[in-house]
Each structure stands twice: as C-alpha cells, then as structure tokens.
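Asker: Attaching a predicted model along with its sequence, questions to come.
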Amino acid sequence: MKIFLTGASGVMGRSSIDALHRAGHDVVGLARTDETARQIAAAGATASFGDIFDRPALIRGMQGCDAVANLATKVPVGSQALRPGSLRKIDRIRLHGSRVVAEAARRAGVGRIIQQSLSFVYADHGDDWIDEHSPVDVTRATEPVVVAEDNVKAFAADGGTSVSLRFGLITGDDPNTAWLFRRASAGRSIGLGDEDSWMHVVHPDDVGTAVVHALSAPGGVYNVGAEPVHRRDYVDTIALAAGRKAGGHFLPGWILRLGAEKLEILVRSQRVSSQLFSDRTGWHPSHPKLTPDWFDDLVRA
C-alpha cells in the first residue's frame, strides 16, 4: 500500500515510516520546509511539500495513496505548556487541520484515514478499567481531540473508513520525556497528581506498529498503549534510568492549579485497556510494560 503521512518528521511520524517500510508499504510524508523534507527523505520516504491547512497541496500529495495517517501535532514541551496560548497551535491542528486532511483525502479518492488521538479524553475512573465504551470528559483542553475524531467520522460517513487511535502518553526518546529525564537527573520533581493513580503510556516504537495494524482495522476508535502504570512507578522508573534512587519527587499542587485544564488532563487516573485493538488487529506492543530500558536512548545521549 501507499500511505500518506502528516507529521512525518515528528516522533510518531518517524516511528511510522520505519514500521510501514518494514511491513512493505511505500510512504509519502508531508513536508513544510526543506529541512523536514530532508529528514523525511533520510528516513526513506518521499517528501511532498505543503502543510496541513493547504488543501490543494494535500490533495496533490495524496494522489494514488491508499490511506492517510494524520499524525500532525505541536505539543509544548515541559514548562512551556504553562504559558498563555501554549496550546493554540496544536488546537488549530486538531480543530481545523484534521478537517482539511479529511476533506483532502476524500477528494483524492483515499479509502482510509487514521487519526492520531489521545486516551486523555477519558474521565478519571480511579482504579476501574477503561475501554472504548467508557465515558469521556470534554473540557476546553480535550475538546479539540474529540473534534478531530469527529472530523474523521464525517469522512467515514461519506463512504470511507476512519480509525482513531487513542494513544497513551508517549514515553521514550521524545522531547517531553527528555525534559523529564533531565529534571530527574538533576534530582528535581517530575511527578504530577496522585502517586497511586494510573497512567496510560506507549513507547514510540509501538506507535508506528499501531499505525501499520490500523491499515486493516475495522473502522472505529481504539485505545493503544502498554500496561497501565501507577504514577509513582512511572516517576521512579525515570529516576532510576537517570541514575537516581527511587522515590522521585512530585510537583506541588499549586503547579496543577496554575496549569488549570492544561494539566488536569494529565493527572486523571486512567487504567486504560488496549485489548480491543489487539483482538481486532493482532497488534501487541513490543514494549508491553514500562521498564528503565524505555529510556536507553536518553541515557546514551
């Protein structure tokens, strides 16, 4: 198959290019600049110039493609998330960019679209398991994610197939984890929320293989990630990988109040199951449980 990727030069995009190639697929990656085009070409994909809001450029790039994977994001790193307007770019990508991508895919005659989504949309469920039927909690911070899912549902209503992948928190060799790793190395606080609550995480490598399996998945919404982990274990695992003792520190409550809804979605207790995606596609994470080796690339760096 021939697959068109947005966000091709990012963490999810690079993982997906590698996994798609290993599965025998050809990849076209959307490039905004000469630099990102070089990165996409170096990864072995064909660069197609344009951006996520440029419908004609998207249609040109999608010609002859069998599927589109919309992986474009602009996540603020670390303390930048606390700045006013820090989510403006990523919200625009989700609210408007996802609609333009879906419309372009329809006009280009593409049969399937895969939309990157987040399990953060689920409400806090304490120790209870969360599956795809569990209630979501829509706030100003999560609304753009839900709208992006709705935009690809509209694509399906027009006869295509849409798959939304609700990924856990990407944890590994990515900018936000690298920021936490540097703080842990310096003995600084990195935890958020109740240390006994649950987190849903996913290794970057498993994002790419999930995109591959989504090419054959029945249309719908799927959770994608490793085994849920307690926040205390998450913090301690990063601390140990960074050469510190277990018992990493948690940020004070006033930080959460300062971050308001931006940080509230990051502290919900979410014991998320990815069993449905495994059952329907045969996907299984190569990193099924959070361990210090998830951070080997950061240690080497």
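Answerer: That came through, no problem.

Asker: next one: stretch 278-289 to chain centre, how far?
Answerer: Its chain's C-alpha centre and that of stretch 278-289 lie 16 Å apart, by Cα atoms, centre = their mean, to the nearest Å.

Asker: Please disregard the earlier target; I meant stretch 49-69.
Answerer: 20 Å.

Asker: From the centroid of the protein, which residue is nearest?
Answerer: Nearest to the centroid of the C-alpha atoms of the chain, with distances taken as Cα atoms, centre = their mean, sits F167, at 5.1 Å.

Asker: Go ahead and confirm it touches F120.
Answerer: No. Using Cβ atoms under 8 Å, F167 is not in contact with F120, being 9.4 Å away. All C-beta atoms are positioned from the backbone trio N, CA, C, and that covers glycine.

Asker: Count the residues that sit near R280.
Answerer: Other residues near R280 number 14, with proximity taken as other Cβ atoms under 10 Å.

Asker: mind checking how far it is from K89?
Answerer: Distance, R280 to K89, by Cβ to Cβ, to the nearest Å: 33 Å.

Asker: ditto for R14
Answerer: 20 Å.

Asker: out of the two, which sits in the busier spot?
Answerer: Between R14 and K89, counting by other Cβ under 10 Å, R14 is the more crowded of the two (24 against 14).

Asker: Kindly list the main-chain dihedrals of that one?
Answerer: Dihedral angles of R14 (phi, psi; degrees, to the nearest 10) stand at phi -60, psi -40.

Asker: same thing with A157?
Answerer: Dihedral angles (degrees, to the nearest 10) for A157: phi -60, psi -20.

Asker: May I have the residues that are in contact with it?
Answerer: By Cβ atoms under 8 Å, 6 or more residues apart in numbering, the contact list for A157 is empty.

Asker: Show the model's pLDDT score for it.
Answerer: On pLDDT, A157 comes in at 90.

Asker: Could you do T33 as well?
Answerer: Reported pLDDT for T33: 95.

Asker: what's around it, how many residues?
Answerer: Counted with other Cβ under 10 Å, the neighbours of T33 add up to 11.

Asker: and if you look at A301?
Answerer: 9.

Asker: V27 now?
Answerer: V27 has 24 neighbours, counted by other Cβ under 10 Å.

Asker: That one reaches T46, doesn't it?
Answerer: Yes. The criterion here is Cβ under 8 Å, and V27 meets it with T46 at 7.0 Å.

Asker: In the stretch 201-301 of the chain, where is pLDDT below threshold?
Answerer: For the stretch 201-301 of the chain, the stretches with pLDDT under 70 are 247-248, 254-262.

Asker: contacts for stretch 5-24?
Answerer: For stretch 5-24, the surrounding residues in contact (Cβ under 8 Å, 6+ apart) are 3, 27-31, 36, 39-40, 43-45, 47, 52, 68-73, 97, 101, 116, 170, 173-175, 204-205, 207-209, 211-212.

Asker: Give the buried residues for it.
Answerer: Of the residues in stretch 5-24, 5-21 count as buried by neighbour count, 16 or more other Cβ atoms under 10 Å.

Asker: for K245, helix, strand, or coil?
Answerer: Recorded secondary structure, K245: coil (DSSP: H, G, I helix; E, B strand; the rest coil).

Asker: Spatially nearest residue to the residue of the chain positioned farthest from its centre, not counting backbone neighbours?
Answerer: The C-alpha centroid of the chain is most remote from K245, which lies 29.3 Å away (Cα atoms, centre = their mean). Residue nearest to K245 in three dimensions, not counting chain neighbours: A239, with 6.8 Å by Cβ to Cβ, 6 or more residues apart in numbering.

Asker: host element of the one you found?
Answerer: helix 231-241 (DSSP states H and E).

Asker: A69 and A148: what is the separation?
Answerer: Taking Cβ to Cβ as the measure, A69 falls 13 Å from A148.

Asker: And the two? Which one has more around it.
Answerer: The neighbour comparison of A69 against A148 (other Cβ under 10 Å) goes to A69, with 32 against 27.

Asker: Just confirm the more buried one is within a strand.
Answerer: Yes. Per three-state DSSP, A69 lies within a strand segment.

Asker: ok, it touching I3?
Answerer: Yes. Using Cβ under 8 Å, A69 is in contact with I3, at 6.1 Å.
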